[in-house]
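Visitor: this one's structure only:
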Ligand SMILES: NC(N)=O
């Protein structure tokens with residue numbers, strides 16, 4: 001097997017992992033200071049730290065969704081399937097994993113309708129089904145976060161090592177360091193802002209690769225040349241299961257199987273990951289749907305355009321002397337480790353390509369890892385510590401626990417990734433395995449917030465039986481298709497994985513629906529609507545810190561201004577740990593008002609899913625169509641236009657929406673520069689004296 005020799009010095013690996021990590025930590029520290037000084041939101045309150053005061057606008061939520069859902073695998077595995085199956089690989093990677101984000105728009109509205117003050121989806125499970133179900137689903141939630149977190153580190157470290165020669169364990173342990181610091185410093189809102197900058201950089205580098213490959217590279221430089229090179233590749237290395245072995249057809253049996261795996265496993269990694277619930281919780285009620293639909297559509301372009309660029313470049317350039325393993329193709333283990341994208345980047349652009357790939361990957365890994373960290377920390381804080389250890393914990397303790405749990409989870413991610421590395425599990429294997437183990441809990445979790453007839457027994461049985469059925473089908477298929485041999489290689493094959501994923505998700509769904517219909521519940525949503533309402537109404541007393549009381553007073557002052565709808569909305573949604581008594585639903589939070597948003601979510605998400613997963617691909621699959629040069633060019637151009645639209649959503653929309661806040665912060669900074677901070681101190685003293693007067 002030809003090795004991929006490190007093209008960059010080790011120092012660059014350490015420099016990116018530590019240097020860029022600490023740069024963002026410092027950036028986050030500054031952002032948190034600015035937020036605390038110039039806005040009404042303080043990172044020192046646990047509501048703000050964990051829910052961003054439920055006031056974030058759709059553009060920033062969409063950019064946060066894109067950043068959380070852009071894993072190392074989104075860049076690497078999408079290129080792997082492009083390398084293995086041709087154009088259908090990126091298509092199924094993107095179409096299979098956008099669906100869950102689009103459908104989550106429905107859960108986003110449901111959570112606003114039925115549990116508007118929850119911090120985690122597990123609080124809803126606890127309130128509806130009690131302690132046993134809470135523990136069962138907490139295990140599924142932790143497995144999801146640990147699998148995703150460790151997979152991020154595994155994929156990220158494999159590429160850092162391949163490109164720079166950095167020790168793989170050093171990469172696994174050092175990548176989370178900077179992220180931990182910045183998440184602890186900033187909490188959820190500042191994490192969104194940091195995610196925004198990561199996504200900004202990621203989009204720019206993706207567009208750089210696209211233009212290099214399809215416009216300026218002397219090796220490819222146009223869709224026509226790519227088309228010709230892919231034709232030559234198909235003659236030399238035909239793809240098994242594709243029409244005529246072509247790389248330019250959606251009639252690809254293994255890509256279709258991969259698409260089904262992607263659909264199932266993506267459902268688990270979205271619906272069971274607190275990170276996506278957290279973004280719905282952080283949204284304004286009226287705009288959660290828009291944020292998820294926009295986020296899903298914007299994310300689609302990343303695997304689709306990136307892998308249609310670099311994954312296909314790897315196929316096209318495998319026979320070129322600049323390819324790192326020339327004259328050999330990548331070995332199966334190199335493909336499974338995710339090396340198609342870095343080898344293509346090196347073949348195209350040498351050291352520049354390696355450096356660009358290293359940075360884009362680091363951006364993806366760190367921003368997705370930050371989402372996993374804050375999500376898991378919220379579960380450990382609200383569901384383990386608050387519910388089961390210290391129900392009367394004051395806000396100041398909750399915030400300390402949140403910080404500690406972020407550090408704990410960083411250690412867990414690194415330990416588990418090191419174990420995978422040591423026992424020879426790579427990114428590809430883990431990617432195919434995840435849906436098998438967590439799929440059973442998907443339908444029970446979704447129905448907990450959507451269906452009043454689901455019973456506790458049905459939810460628990462569905463999740464556990466689904467998981468068991470998935471594991472059984474996975475191992476049985478691996479054994480049956482490999483003469484009884486069970487190994488990492490045989491259990492990492494597509495047939496075993498698709499059997500396990502389908503068995504897990506379908507058995508879980510059938511069990512939970514069947515048992516519920518046999519003896520249905522008639523749940524009263526008022527019970528989950530009351531989650532944290534009592535806490536909100538009573539917590540203005542002793543448990544609040546003086547800063548929180550002062551902040552409550554500031555909010556009361558702002559609230560008196562008839563123009564300040566935003567502050568009233570934040571207040572009624574528990575924006576602070578010390579709100580006023582007698583909270584009511586905000587206007588747009590009332591369940592009846594959200595019916596229109598729900599209808600929009602259902603129609604929008606189902607229509608888009610039908611287009612992406614049925615209407616476009618299936619006729620092209622069954623007609624066995626092989627792309628003509630014109631069709632391939634149009635395919636590439638659509639990818640490029642989509643990438644630009646995504647860049648607009650992720651880069652410009654948050655700026656446009658937040659212009660008032662930017663001016664407010666900018667005004668505060670300018671005032672401070674000209675008054676030496678006296679004006680700010682005066683306002684603070686006034687707010688604090690107002691707070692004392694109120695107390
Ligand atoms: N987030 C994914 N499935 O790339």
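Guide: Now that the structure is in, tell me what you want to look at. All values derive from a computational prediction rather than experimental measurement.

Visitor: Now for the residue of the stretch 301-450 of the chain found nearest the ligand, how many residues are close by?
Guide: Residue of the stretch 301-450 of the chain nearest the ligand, by Cβ to the nearest ligand atom: residue 303 (6.3 Å). Placement of C-beta: from N, CA and C, glycine included. Residue 303 has 33 neighbouring residues, counting by other Cβ atoms under 10 Å.

Visitor: other SSEs contacting the helix or strand containing it?
Guide: Assessed by DSSP states H and E, residue 303 sits inside helix 288-306. Other elements packing on helix 288-306 under the criterion 3 or more Cβ pairs under 8 Å, 6 or more residues apart in numbering; DSSP states H and E are helix 58-69, helix 72-85, helix 88-114, helix 168-211, helix 274-282, helix 595-610, helix 629-647.

Visitor: thinking again about what came up before, residues touching the residue of the stretch 301-450 of the chain closest to the ligand, list them.
Guide: Taking Cβ atoms under 8 Å, 6 or more residues apart in numbering, we find residue 303 in contact with 74, 75, 78, 90, 93, 94, 97.

Visitor: So which residues on the chain come close to the ligand?
Guide: The chain comes close to the ligand at residues 69, 71, 73, 74, 97, 266, as judged by Cβ under 6 Å from any ligand atom.

Visitor: can we see that at 5 Å?
Guide: 69, 71, 73, 74, 97 (Cβ under 5 Å from any ligand atom).

Visitor: Closest one to residue 313 out of the residues you listed, please.
Guide: residue 74 (17.1 Å; Cβ to Cβ).

Visitor: In contact with that closest one, which residues?
Guide: For residue 74, the contact set (Cβ under 8 Å, 6+ apart) comprises 93, 97, 302, 303, 306, 364.

Visitor: correct me, but the third one touches residue 645?
Guide: No: taking contact to mean Cβ atoms under 8 Å, the distance of 12.0 Å between residue 302 and residue 645 leaves them out of contact.

Visitor: Of the two, give the one with the bigger neighbour count.
Guide: Ranked by neighbour count (other Cβ under 10 Å), residue 302 and residue 645 place residue 302 first, with 28 against 15.

Visitor: OK, contacts around the residue of the stretch 101-250 of the chain found nearest the ligand?
Guide: Taking Cβ to the nearest ligand atom, the ligand has its nearest neighbour within the stretch 101-250 of the chain at residue 148, 8.3 Å off. Applying Cβ under 8 Å, 6+ apart to residue 148 gives the contacts 71, 269, 273, 368, 372, 434.

Visitor: what's the most distant pair in the residues you listed?
Guide: Longest span within the contacts of residue 148, Cβ to Cβ: 368 and 434, 14.0 Å.

Visitor: So residue 196 versus residue 652, what's the distance?
Guide: Per Cβ to Cβ, to the nearest Å, residue 196 is found 11 Å from residue 652.

Visitor: more crowded one of the two?
Guide: Higher neighbour count among residue 196 and residue 652: residue 196, with 21 against 12, using other Cβ under 10 Å.

Visitor: How about the more buried one, nearest residue that isn't a chain neighbour?
Guide: residue 63 (5.1 Å; Cβ to Cβ, 6 or more residues apart in numbering).

Visitor: Check the burial of the one you found by counting its neighbours.
Guide: Neighbours of residue 63 (other Cβ under 10 Å): 30.

Visitor: separation between the residue lying closest to residue 504 once chain neighbours are set aside and the ligand?
Guide: Excluding its sequence neighbours, the residue lying closest to residue 504 (Cβ to Cβ, 6+ apart) is residue 470, at 2.6 Å. Distance of residue 470 to the ligand, computed by Cβ to the nearest ligand atom, to the nearest Å: 18 Å.

Visitor: Go ahead and list the helix or strand containing residue 470.
Guide: Judged by DSSP H and E, residue 470 forms part of helix 456-480.
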